[in-house]
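Chemist: build me a structure from this.
(2 chains)
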Amino acid sequence: MALTNRTSNILADHSALDIEEWHKSGQSVTFDSGKTQRIINNTMPTIEMSIEYKNISQTRFEALRTQYESSYASIFILNAGDDIDWRDDYLVNESNTWGFKEFTFSSDASYRWSGSLRLISSVFFDFTEYQSLFTQSSNYAPVTTTDTSFSSLLTNDVTPYKVDYEYINSSLFSVIGNSMRFGKDKSLRKKWTLYWILSESNFLQLLTFYRKRGGIMSEFGMPKLGFGNLGKTNAIFMQDSFTYQKRVDGLYSCQASIIENL
Amino acid sequence: MSKSITNNVRSNEQMAILHLFEFYMDKDFDGTAGESGEILYFTDHEIFVNDGTNEYTPVSITFDRLSEDASMQSDSINISIDNINGALSAEAIASEWRNNPCKITRVVYTPPQEVIGSDTYDYGLTNGVPTTTYPVLDISSYTKDVYDLFEGVIDTFSASEQALNGTLTTKFIHWNKPYPTRTYNQNEFQSIVDALNDTLYWGQQKP
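Modeler: Now for the predicted structure:
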């Protein structure tokens, strides 16, 4: 069996599951007897599941990141319990195959994280007959850098009060009906959105940095979490993503999106 | 073959439909399978489908509306097949696909009753898929109506990394093909001009 079982790593410390299940019922047709018949094009239910996390630790967040980064374009096994995913009851054991759809988290820059993982059920089962149809792989390799221009700004005066953390997944996915089948790795990038409320002098430091490095040619080192100075990867500002307002109290409220540049 | 749906599969209000696709990848000029005789078997069902003879591979495959008329004009049908693994476009480019036979079969059946755990489902979800080997739907023993939805030849195709799009045309396209006209090449033409210019002199060639 080739697929990785990620059940314990993903489901640990989750706070809620948000599930939608639907059958691919087709249209109704009337045949010559006058009876209306319902056509079922395909019969296997598709399950979309959002796994919610509230205030998990940095360690747990890192573990979830590892799960996502090693499987963002690959199918894996997750046993969410028979009441949710009963495919192992009516199909075969270990037929609980899933693929990642979204990874969105945010932090108040205090090393506690909240967010969700969105999964969709797959029909790419863990048998040679299925697996030999396609070789799957997820090869995420962030480009590290030693540039500290931005991280020193973030750790000194320009500290964000909130960081949104997500991934831009460009991979292609094959689907049958609503179910995912398999994916083809077409690169993964981290994306951070940082929110600040700053005094004028600190805001001017940030604005100056943006004006110097806001162009597409200007890469800088971005801390992997979006704050602090851990593990810097190559990144650039997303185009026109820096916006700010001057408030009546004289402080500046601003935000910017930064994307990893592979 | 009749396209009517019998009472076998419509005794109740519910029925299932799946499609089986066959593409001949290699054939001789007489229309029979060629040396390799390779045929691709696909289905739009989610798991493998076995009809007792062939096993059909599940792929994301769709086709648009097919219209039929009595005028014997060539109707065509556009299909789109998932090409994420690139295998299909590699196959299509490596071999001469065009003009090869293809077939779309429609299977109408009532999903048999299935007991899952302690619950009985009037219409089974998987219709008795084996629980120890890989998931495959065996329709060979079902009461079903099977008919050829479309039979024709592969006309053109184009491929991207996501999908292979093809046009299938009915066999009546062969009635529509123009008769090849006689053409002359330059050498022939010159000899004809020479013959015209050649002056005959009292029954013998001019010296």
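Chemist: which residues of the stretch 151-262 of chain A lie near chain B?
Modeler: Neighbours of chain B within the stretch 151-262 of chain A, by Cβ under 8 Å from any Cβ of the partner chain: A:172-177, A:179, A:181-184. For glycine as for every other residue, the C-beta is placed from the backbone atoms N, C-alpha and C.
Chemist: what residues sit buried inside stretch A:113-133?
Modeler: A:113-117, A:119-127, A:130-131, A:133 (16 or more other Cβ atoms under 10 Å in any protein chain shown).
Chemist: and that stretch, anywhere near chain B?
Modeler: Yes: under the criterion of Cβ under 8 Å from any Cβ, chain B is reached by stretch A:113-133 at A:123, A:125, A:127-130, A:133.
Chemist: from those residues, pick the one nearest residue A:63.
Modeler: Minimum distance to residue A:63 across these is 26.2 Å, recorded for residue A:125 (Cβ to Cβ).
Chemist: surely that closest one meets residue A:92?
Modeler: Yes: Residue A:125 is within contact range of residue A:92, at 7.4 Å (criterion: Cβ atoms under 8 Å).
Chemist: need the overlap of contacts for these two.
Modeler: B:134-135 (Cβ atoms under 8 Å, 6 or more residues apart in numbering or on different chains).
Chemist: tell me the contacts of residue A:52?
Modeler: By Cβ under 8 Å, 6+ apart, residue A:52 lies in contact with A:14-18, A:115-116.
Chemist: what is the neighbour count of residue A:258?
Modeler: The number of residues packed near residue A:258 is 21, by other Cβ atoms under 10 Å in any protein chain shown.
Chemist: residue A:61: which element?
Modeler: Element membership for residue A:61, per DSSP states H and E: helix A:58-69.
Chemist: quick one: contacts of that helix?
Modeler: Counting contacts by Cβ under 8 Å, 6+ apart, the residues outside helix A:58-69 that touch it are A:6, A:9-10, A:12-13, A:53, A:56, A:100, A:103, A:105, A:107, A:111-113, A:117, A:138, A:140, A:167, A:188.
Chemist: distance of the residue of the stretch 51-200 of chain A found nearest chain B from residue A:133?
Modeler: Closest residue of the stretch 51-200 of chain A to chain B, Cβ to the nearest Cβ: residue A:127 (3.5 Å). According to Cβ to Cβ, to the nearest Å, residue A:127 stands 10 Å off from residue A:133.
Chemist: which SSE is the closest residue to the residue of the stretch 51-200 of chain A closest to chain B other than its chain neighbours in?
Modeler: Sequence neighbours aside, residue B:134 is the residue nearest to residue A:127 in space, at 3.5 Å (criterion: Cβ to Cβ, 6 or more residues apart in numbering or on different chains). Following DSSP H and E, there is no helix or strand that holds residue B:134.
Chemist: residues contacting residue B:134?
Modeler: Contact partners of residue B:134, counting by Cβ under 8 Å, 6+ apart, are A:92, A:125, A:127-130, B:48.
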